[in-house]
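# next input, structure requested:
(one chain, ligands or ions: 1)
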Amino acid sequence: MASLVIESDWILPVESPAIRGGFLVVHSGRIAHFGTDLPDRYGSWPRVRLTGGAILPGLINSHCHLEFSDIESPLIASEPSAAKSTNGGASMVRWLGKVMARRQALIHSGQDLERIKKDATLRGIREAWSTATRLVVDNVTAPWSADWLEEALGGFFANERSDLIDALVCGEPILVRPCVELVDVNQARGHQTWSYAQDLISRNADGKSTGVYQGPIGLAPHAPYTASKPLVARALETTIHPAGLISMHLAESLEELEWIEQRAGPMEDWIRPWIDTQHELEIGTIDEHLRLLSGSHRALIAHGNYLSDYQIKWMANYRDRMAVVYCPRTHKHFQHAKYPANQLAASKVPLFLGTDSRASNPDLSVFEEWKTACRLFPELGPEYWMAACTFRPSAFLGLESSVGTLRVGSRSVLTWVPLGQASVVTQEALWEAMLGAKEAIPLEMFHSLRTFPAR
Ligand SMILES: [Zn+2]
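The predicted structure is shown next:
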């Protein structure tokens with residue numbers, strides 16, 4: 001049973017005030033105590049002193065597609081397009097075309113698609129963990145396997161495990177919550193994605209989590225232009241149970257709105273060849289999908305860039321089950337209109353942070369998303385945005401004892417933010433210094449934990 005006392009310049013639980021010069025006591029991967037004092041009973045436990053940084057809860061990425069983690073730099077959305085772009089030269093349709101072309105090229109290259117997807121997923125998990133992410137809500141498509149997630153464990157710590165790391169991390173250093181993508185642009189696609197989702201659900205019939213895999217399987221009707229109302233309704237029926245989760249891209253681009261509301265705009269040329277009459281008859285508006293999702297156990301709305309003031313106010317009635325995930329750097333990539341963060345915050349609609357994928361984002365660091373959101377919406381404050389990627393999504397998903405919290409009894413999968421040489425003496429200065437920090441790393445990877453001898 002490994003135990004450890006960590007003295008740190010700063011301990012920042014986020015949901016309570018920062019502690020300067022505090023003690024954090026961990027025992028077999030759980031937090032036993034934290035505060036300005038160290039109770040006598042821990043006096044003889046191994047102790048390390050960490051300087052020049054702050055300890056925070058682990059970070060949560062509420063929207064990602066790990067399968068694209070082998071893309072080195074984001075696919076360009078803003079080249080001149082034959083299709084008329086509706087916002088500032090960036091086109092979601094152009095970008096979607098590139099994502100699909102990339103996938104088609106992989107399929108036709110004769111390479112082992114399963115191997116490529118597996119490697120990309122493992123690379124994404126390692127990247128997420130190395131930037132202090134402890135939970136990823138991941139949209140998955142066929143082929144995919146829960147077994148891949150366990151293989152990711154081999155990439156952690158290398159041969160650097162020590163008693164100190166063991167005291168902090170018992171079990172998995174990162175968790176993945178998969179949501180299977182559903183698309184029914186035509187009957188064949190609908191059947192294919194639905195039966196694949198059913199297959200994965202039946203393999204995890206008890207809904208249990210094992211290792212990195214965080215069960216039960218969630219469902220991800222892709223978007224209103226690819227998932228019909230009946231498909232969303234079926235997904236809701238399947239996930240209406242404790243721990244059920246739906247994730248859906250909604251109100252992401254003007255092109256999407258133009259298509260689903262008027263059957264017009266650049267999306268038409270792109271999607272028309274794929275869809276059948278049945279699908280077209282059942283395309284839902286944003287209002288209709290919001291109404292459907294309000295009947296979910298838990299629904300994550302990815303992006304919501306173009307949710308109206310009225311829709312946001314309406315959603316406030318369902319804040320126990322509907323949340324919106326803002327992906328700040330992906331939002332910038334597509335040059336969307338100003339994000340409705342202030343309206344969402346004012347209506348107290350749960351707002352979380354996500355990275356989306358490396359197809360629209362340079363990396364998978366939630367900490368960088370936090371910094372970007374803080375810069376773009378300073379009026380909401382750094383605490384608000386840090387809550388959006390720690391204890392708030394954790395509470396929404398019912399995972400407070402596992403990830404995203406720094407509380408007595410919760411798992412000690414925590415974050416270390418190096419603050420350099422600057423002397424930080426107030427809580428305000430601490431947030432300011434964090435905004436200038438270069439990175440966030442898993443606490444167990446802080447070099448002092450590997451080099452300091454236990455007392
Ligand atoms: Zn996405």
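
# from here on, contacts and neighbour counts on C-alpha atoms
Noted.

# distance of the spatially most central residue of the chain from I260?
In the chain, the centroid-proximal residue (Cα atoms, centre = their mean) is N61; its distance is 2.0 Å. N61 is 28 Å from I260, where distance means Cα to Cα, to the nearest Å.

# can you check G304 too?
On the measure of Cα to Cα, G304 and I260 end up 15 Å apart.

# next one: G35
53 Å.

# neighbour count winner among these two?
I260 (19 against 16; other Cα atoms under 10 Å).

# give me the phi and psi for the more buried one.
Phi and psi for I260, reported as degrees, to the nearest 10, are phi -70, psi -20.

# ok, now the one 5 residues further on?
Note on G265: its backbone torsions stand at phi 90, psi -180 [degrees, to the nearest 10].

# and R291, helix, strand or coil?
In three-state terms, and counting by DSSP: H, G, I helix; E, B strand; the rest coil, R291 is helix.

# which strands and helices lie in contact with the helix or strand containing E7?
In this assignment (DSSP states H and E), E7 forms part of strand 3-11. For strand 3-11, the elements it packs on are strand 19-27, strand 47-57, helix 163-168, judged by 3 or more Cα pairs under 8 Å, 6 or more residues apart in numbering; DSSP states H and E.

# in a markdown table, list the ones you listed along with distance to P230 and mean neighbour count.
Below are the helices and strands packed on strand 3-11 laid out as a markdown table (distance: least, Cα to Cα, whole Å; neighbours: other Cα atoms under 10 Å):
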| stretch | distance to P230 | mean neighbour count |
| --- | --- | --- |
| strand 19-27 | 48 | 22 |
| strand 47-57 | 39 | 22 |
| helix 163-168 | 46 | 22 |
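
# of all these, which lies closest to V176?
Counting by Cα to Cα, V176 lies closest to strand 47-57 out of the helices and strands packed on strand 3-11; the figure is 16.8 Å.

# send the alpha carbons of that closest one over as CSV?
The C-alpha coordinates for strand 47-57 follow below in CSV (Å, rounded to 0.1, in the frame of the first residue of the first chain):
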residue,chain,number,x,y,z
ARG,A,47,7.3,13.1,1.8
VAL,A,48,8.3,15.2,-1.2
ARG,A,49,8.4,18.9,-1.7
LEU,A,50,7.3,20.2,-5.1
THR,A,51,8.2,23.8,-5.9
GLY,A,52,7.5,26.2,-8.8
GLY,A,53,4.0,25.1,-9.7
ALA,A,54,0.5,24.2,-8.7
ILE,A,55,-1.5,21.0,-8.3
LEU,A,56,-4.9,20.9,-9.9
PRO,A,57,-7.6,18.2,-10.5
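
# for it, packing partners?
Here strand 47-57 touches strand 3-11, strand 414-418, helix 447-451, going by 3+ Cα pairs under 8 Å, 6+ apart.

# of these, which is nearest Y318?
Per Cα to Cα, nearest to Y318 of the helices and strands packed on strand 47-57: strand 414-418, 30.5 Å.

# list the contacts of the closest residue to A233 other than its chain neighbours.
Leaving aside its sequence neighbours, A233 sits nearest to L292 (Cα to Cα, 6 or more residues apart in numbering; 6.7 Å). The contact partners of L292, taken as Cα atoms under 8 Å, 6 or more residues apart in numbering, are 232-233, 236.

# same list (those residues) but as TSV, adding secondary structure and pLDDT.
Output for the contacts of L292, formatted as TSV (DSSP: H, G, I helix; E, B strand; the rest coil; pLDDT from 0 to 100):
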residue	secondary structure	pLDDT
V232	helix	98
A233	helix	98
L236	helix	98
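
# so where's this protein shaky on pLDDT?
1, 79-89, 155, 157-160, 448-455 (pLDDT under 70).

# rerun that using 80 as the cut-off
1, 77-89, 153-161, 421-423, 447-455 (pLDDT under 80).

# domain ranges for it, per the record?
Following the assignment in automatic domain parsing, the chain carries domains at 3-56+413-451, 59-156+170-396.

# show me the strands in the protein, by range?
Counting by DSSP state E, the chain has these strands, from start to end: 3-11, 19-27, 30-35, 47-57, 59-64, 133-140, 175-182, 218-221, 246-250, 299-303, 322-326, 351-353, 414-418, 441-442.

# just put those in CSV and tack on distance to M315.
As requested, the strands of the chain are exported to CSV (distance: least, Cα to Cα, whole Å):
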stretch, distance to M315
strand 3-11, 34
strand 19-27, 36
strand 30-35, 35
strand 47-57, 28
strand 59-64, 18
strand 133-140, 21
strand 175-182, 22
strand 218-221, 19
strand 246-250, 13
strand 299-303, 11
strand 322-326, 7
strand 351-353, 12
strand 414-418, 32
strand 441-442, 35
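
# ok, now how distant is the residue nearest to A233 from S16?
35 Å.

# ditto for T239
For T239, the distance to S16 equals 33 Å [Cα to Cα].

# so these two - more neighbours on which side?
T239 (20 against 10).

# please look at the more buried one and G295 and confirm they touch.
No. If you go by Cα atoms under 8 Å, T239 and G295 don't touch, sitting 10.3 Å apart.

# would you mind measuring from I31 to V140?
Counting by Cα to Cα - I31 and V140 are separated by 32 Å.

# one more: R134?
18 Å.

# so for the two, which residue has more residues nearby?
For the pair R134 and V140, the greater number of neighbours falls to R134 (28 against 23), based on other Cα under 10 Å.

# pull the number of nearby residues for S44.
10.

# what separation is there between it and E150?
Distance from S44 to E150, by Cα to Cα: 36 Å.

# what does G124 give?
According to Cα to Cα, G124 and E150 sit 13 Å apart.

# and these two? which has more neighbours close in?
Residue environment comparison for G124 versus E150 gives the larger neighbour count to G124, 25 against 15, counting by other Cα under 10 Å.

# list the contacts of that one.
Taking Cα under 8 Å, 6+ apart as the test, what G124 contacts is 66-70, 364.

# for the stretch 251-400 of the chain, what spans make up the helices?
In the stretch 251-400 of the chain, helices defined by DSSP state H, counting those that start in this stretch lie at 254-262, 266-271, 277-281, 286-293, 309-315, 328-333, 341-346, 366-376, 382-387, 391-396, listed in chain order.

# adding distance to L182, write those out as TSV.
TSV is the format used below for those (distance: least, Cα to Cα, whole Å):
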stretch	distance to L182
helix 254-262	17
helix 266-271	16
helix 277-281	13
helix 286-293	15
helix 309-315	23
helix 328-333	22
helix 341-346	27
helix 366-376	26
helix 382-387	30
helix 391-396	23
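
# quick check, N186 in contact with H279.
Yes. Counting by Cα under 8 Å, N186 touches H279, with 6.2 Å between them.
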